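**Student:** The following comprises the amino acid sequence and a computationally predicted model.
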Amino acid sequence: MNLFYQPRIPEGFLVLDQEESRHCVKVLRKKTGDEIRITDGQGVFYECVVDTPDAQACTFSIVNRFEEPKKTYSIHIAISPTKSPDRIEWFVEKAVELGIDRISLFESHNSERFKLKTERLIKIAVSAMKQSLKAWLPEIEPLKQFSKVIAGSNESEKFIASVDAANPAHLKDVAGKSQEYIVLIGPEGDFTKEEISHAIAAGFKKVSLGTSRLRTETAGLAACHILNLLNS
């Protein structure tokens, strides 16, 4: 099954964009009357039929719509970009496939990258959403200061993952079910003591993701997977 994306369907915009149209008509060779499935990225699937198989602007009609069941929890991973953009792109792709609701990117003291193309990450997220046949497109926030991420967090359960062998609290043991979560994932050099203190003062709990030392993108994916498994 192939899934297409058109975020403006709720506005009555019943045409695929140029890239989606080309894939539908030129690659999949869809013709008038053929069935296709589309999502608006806002939790709804649409069963449609092709009206005009134009590779520049393929039009369609909606036959049926149904909503993807909404989860009883939400996962927000706030993460410091890696030096190599490929690694943070890999994280976004895999986190979307696993199931994530929001990704924030932040600059901290030990961050190795201070510029990032948010538009490219959104495009990767869209592709991963379609690949994994999901109807919710996660929100991806542009790069901001660490302090602003902390100040803007309003989740019910807040965690900061830290490389600390003496830290006894594992995320899987302290997170409750059916909550709104945010997990802070630091750069390869970890958070500074001041940053950890700042987060704790703002209501974050220091947690471990296991005994192994993980790369930034692996830690972000581990946190996402743990919280999904906890609620499965």
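**Tutor:** Structure received.
**Student:** pLDDT averaged over stretch 198-211 - what is it?
**Tutor:** Stretch 198-211 carries an average pLDDT of 92.
**Student:** Can you give me the end-to-end span of that stretch?
**Tutor:** Its start and end residues considered, stretch 198-211 measures 24 Å (CA to CA, to the nearest Å).
**Student:** do the same with stretch 202-222
**Tutor:** End-to-end distance for stretch 202-222, by CA to CA: 23 Å.
**Student:** Now do the buried residues in it.
**Tutor:** For stretch 202-222, a neighbour-count test (16 or more other CB atoms under 10 Å) marks 204, 206-209, 214, 216-222 as buried. The C-beta positions use only the backbone N, C-alpha and C, and glycine is treated the same way.
**Student:** At which residues are the helices of this structure located?
**Tutor:** Per DSSP state H, the chain carries helices over the ranges 18-22, 85-98, 118-131, 146-152, 171-174, 193-201, 216-230.
**Student:** re earlier: nearest to residue 97 among the buried residues of stretch 202-222?
**Tutor:** residue 221 (9.8 Å; CB to CB).
**Student:** doesn't residue 97 make contact with the closest one?
**Tutor:** No - the criterion here is CB atoms under 8 Å, and residue 221 misses it with residue 97 at 9.8 Å.
**Student:** Which segments of the protein make up each domain?
**Tutor:** Listed domain ranges for the chain are 3-67, 74-230 (source: automatic domain parsing).
**Student:** so which of these is the most packed in?
**Tutor:** Mean neighbours per residue, mean count of other CB atoms under 10 Å, is largest over these for domain 74-230, with a mean of 18.
**Student:** Any idea how far apart the tips of that one sit?
**Tutor:** Terminal-residue distance, domain 74-230 (CA to CA): 12 Å.
**Student:** quick revisit: save the helices of the chain as CSV, and put in distance to residue 3 too.
**Tutor:** CSV is the format used below for these (distance: least, CB to CB, whole Å):
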stretch, distance to residue 3
helix 18-22, 10
helix 85-98, 13
helix 118-131, 4
helix 146-152, 31
helix 171-174, 31
helix 193-201, 37
helix 216-230, 20
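**Student:** right, so of those, which gets closest to residue 71?
**Tutor:** Nearest of those (CB to CB): helix 216-230, 9.1 Å.
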